[in-house]
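In: Sequence and predicted structure are below.
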Amino acid sequence: MWRTMLCLAIGTLSMGEFAVRAEPPFVFRDVGESAGIFPHAEGIRGHGAAWGDVDGDGWPDLFIATFHNAGSKPSLFLRSVKGKFALDPQEHLHTSGMGSGALFADFTNSGRLDLYVSNCAHGKKGDPAFSAPNVFFRNDGGGKFTDISQESGTCPPLYEGRGVAAFDYDGDGLLDLLTCEQYYSPKVKRGVTLYRNRGGHRLENVSEAAGLPVGFGGLCCLASDFNADGWPDIFLTSGAGEHRLLLNDQRGHFREASGVNDVLRWPNSKGEDTPAGACVADVNRDGLPDIVIGHHFKTPWITPIPIRLYLNRGVQNGEPSFEDITEAAGLQPLLMKAPHVELQDFDNDGWPDILVSIVKFKDGQPHPLIYKNLGMTDGLPRFKEEVWGINDFPDEEDRKQRSSGKLFAKMLEEKKFVYMAPCATSDFDHDGRLDMFLPNWWIESRSLLLRNETPGGNWLQVSIEGKAGVNRMGVGAKIHVSPSGQSSAASRIGSREISIGYGYCSGQEAIAHFGLGKTERVDLVVEFPHGKGKLTKKDVAANQRIVLTP
């Protein structure tokens, strides 16, 4: 029993560049040094990461949010040219605060990505960093940013921000902003907040009028169309495990989904250091969005629990229904925190895998914790934990330790394991395989830029350049992929909605990545949000990035 449960841990390692042996099914190499991440990202308490091409050169740049206290460096912004990074000289982007998340988004349909940084401003201990509010930077072109935090209306004082997402909730063609506030304080001040985009980088708090729960605290907020009506809904994780799925009525108001929240209720929640990030994607190729939720338990090695997977069982009368398939899908209890989760196809076999923001080091080589999607068995998707090698932490003596600080200190000394809070994915080197950046919260340990070198199948990456009432980034568009000439649901390779801001404190590019396995040519059907029509593109060659427009 314990052998199957010993699947992750925490620690540190100063990584150089190591080629991983071919035995593990997922092969990653730490390229932080050669890619130019270091020495800039040395000595940080990293707690947020976001990818976005801010200068339009086709290569994603990287923002790293930090807890700028206790010896840590401030947040930093790294510009990329063909996958090689250099520190951006704009000093005002190196923000000082409790950086807890970030997101690049085009709020004016200008083709320029603005930057929003979420700070956990709880005002404690007399340190100015603990009181710094969220920050909003306007992209004036070429990645030159101006701080518009005050006039934007989105950066209130003493807001204990965590996750952030952007989506067009009211169908006006402009991206709106969604933020969430942590639940650790005795009383949540504002909670989840929805800002309506009024144009010109001016946004208005419409949370109460839109029907969002007042004072609701949690660590993750995201948007997706859960009931297949073409309008984005909202999903919120809760500190008490009382998650919320809010359905969009297509008139700028949200209501709680009927009966769903009982199914999504988090088991064994302690109400303190519990559920964290979430991600939505189609894990079983039925065209419906499923949900995976990670956890941030304080002492999971004492009472191990798994991340949880909820399968979308369909929509009736506008109401989606879900089934908790965690155990049946093969997700085992974990003995360490697993805050960030993400559904992506890391071996390009056509089935999205589950990433958890934990890395094991075997013979000095990094192995991120990924549950491989094995496909369907008896009507259910099955996953297999793929951390290569035998995990030897926490041992039986460690599992008696109730002080997380002492346990973490031991792992820092042993240099075998590490868990990160965020883990933002991107194909930063344009080779068709999804890579990942894991910012390290421990100053004594390096962050990781893990290049995916997994042998795998064909792939396709799709982005949308919206117009005619569709936001420029195409957020909310659904893309369905099938083998060329085969249009039946049974032949579907995958479905994915373009979204930005999910998992835990992570920002992604507005790109849908599909693994295609052995398929070399595919047909695409794109459903634009808010009933703005469909687009069909046939006989598309694999192994390329394409941009589609309405």
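Out: Yep, it's here.

In: What is the neighbour count of the residue nearest to Asn139 when sequence neighbours are not counted?
Out: For Asn139, ignoring the flanking residues on the chain, the nearest one in space by Cβ to Cβ, 6 or more residues apart in numbering is Arg112 at 4.0 Å. All C-beta spots, glycine's among them, are computed from the backbone N, C-alpha and C. Using other Cβ atoms under 10 Å, Arg112 has 21 neighbouring residues.

In: repeat for the one 3 residues further on
Out: Neighbour count of Leu115, defined by other Cβ under 10 Å: 25.

In: Please apply the same query to Ala129.
Out: 21.

In: Need the three-state assignment for it.
Out: Here Ala129 is recorded as helix under DSSP: H, G, I helix; E, B strand; the rest coil.

In: same check, this time on Asp262
Out: Following three-state DSSP, the label given to Asp262 is helix.

In: Next one, pLDDT for it please.
Out: At Asp262, the pLDDT value in this model is 89.

In: in this protein, what spans have low per-residue confidence?
Out: 1-23, 125, 185-188, 268-273, 387-393 (pLDDT under 70).

In: Distance check, the nearest residue to Val135 once chain neighbours are set aside against Pro157.
Out: What sits nearest to Val135 in space, not counting adjacent residues and going by Cβ to Cβ, 6+ apart, is Val117, at 4.4 Å. Distance, Val117 to Pro157, using Cβ to Cβ, to the nearest Å: 15 Å.

In: circling back to that earlier point, need the next SSE after whatever helix or strand the residue nearest to Val135 lives in, C-terminal direction.
Out: Remark: Val117 resides in strand 114-119, with elements defined by DSSP states H and E. Counting by DSSP H and E, the next helix or strand C-terminal to strand 114-119 is strand 135-139.

In: Counting by contacts, list what that next one packs against.
Out: strand 114-119, strand 145-147, helix 149-152 (3 or more Cβ pairs under 8 Å, 6 or more residues apart in numbering; DSSP states H and E).

In: And the strands in the stretch 351-500 of the chain?
Out: Under the criterion DSSP state E, counting those that start in this stretch, the stretch 351-500 of the chain contains strands at 353-362, 365-377, 380-385, 417-419, 424-426, 435-438, 448-452, 458-464, 478-483, 494-497.

In: Skipping its backbone neighbours, what lies nearest Lys518 in space?
Out: Gly457 (6.0 Å).

In: Just list the residues touching the one you found, thanks.
Out: By Cβ atoms under 8 Å, 6 or more residues apart in numbering, Gly457 lies in contact with Asp347, Asn348, Asp349, Gly350, Gly515, Leu516, Gly517, Lys518, Thr519.

In: Does Gly171 touch Gln250 like I think?
Out: Yes - in this structure, Gly171 is within contact of Gln250 by Cβ atoms under 8 Å, at 7.5 Å.

In: Quick check: Gly241 touching Pro267?
Out: Yes - Gly241 sits in contact with Pro267 when judged by Cβ under 8 Å, with a separation of 7.4 Å.

In: For the stretch 301-450 of the chain, which segments count as helices?
Out: Using DSSP state H, counting those that start in this stretch, the helices found in the stretch 301-450 of the chain span residues 404-414.

In: how far out from the middle of the chain is stretch 353-361?
Out: Computed by Cα atoms, centre = their mean, to the nearest Å, the chain-centroid distance of stretch 353-361 equals 13 Å.

In: Buried residues, that stretch. List them.
Out: Of the residues in stretch 353-361, Asp353, Ile354, Leu355, Val356, Ser357, Ile358, Val359, Lys360, Phe361 count as buried by neighbour count, 16 or more other Cβ atoms under 10 Å.

In: from the residues you listed, which single one is nearest Leu245?
Out: Ile354 (19.9 Å; Cβ to Cβ).

In: Quick check: the gap between that closest one and Gly314.
Out: 22 Å.

In: how close does the closest residue to Gly211 other than its chain neighbours get to Lys532?
Out: Leaving aside its sequence neighbours, Gly211 sits nearest to Phe254 (Cβ to Cβ, 6+ apart; 4.4 Å). Computed as Cβ to Cβ, the Phe254 to Lys532 distance reads 21 Å.

In: The nearest residue to Gln250 once chain neighbours are set aside: which element?
Out: Excluding the flanking residues, the one nearest Gln250 by Cβ to Cβ, 6+ apart is Trp231, at 5.0 Å. Per DSSP H and E: Trp231 is located in neither a helix nor a strand.

In: residue contacts, Gly507?
Out: 48-52, 63, 101-104, 164, 424, 500-501.

In: quick revisit: beta-bridge partners for the residue nearest to Gly211, please?
Out: Asn248 (DSSP bridges).

In: how many neighbours does it have?
Out: 21.

In: And for the one 3 residues further on?
Out: Ala257 is flanked by 22 other residues according to other Cβ under 10 Å.

In: Make sure it is actually in contact with Pro320.
Out: Yes - with contact defined as Cβ under 8 Å, Ala257 reaches Pro320; the gap is 6.5 Å.

In: anything in contact with each of those two?
Out: Among the neighbours of Ala257, those also in contact with Pro320 (Cβ under 8 Å, 6+ apart) are Phe226, Asn227, Leu245.

In: Now, the residues you listed that are in helices?
Out: Among the shared contacts of Ala257 and Pro320, no residue falls in helices (DSSP state H).

In: Who wins on neighbours among those residues?
Out: Neighbour counts for these, by other Cβ under 10 Å, peak at Phe226, which reaches 27 neighbours.

In: List the residues that contact that residue.
Out: With Cβ under 8 Å, 6+ apart, Phe226 has these contacts: Asp233, Phe235, Leu245, Leu247, Ala257, Val280, Pro289, Asn312, Pro320.

In: Export those to a markdown table and append columns for distance to Trp59.
Out: Below are the contacts of Phe226 laid out as a markdown table (distance: Cβ to Cβ, whole Å):
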| residue | distance to Trp59 |
| --- | --- |
| Asp233 | 33 |
| Phe235 | 31 |
| Leu245 | 36 |
| Leu247 | 38 |
| Ala257 | 39 |
| Val280 | 27 |
| Pro289 | 29 |
| Asn312 | 35 |
| Pro320 | 37 |
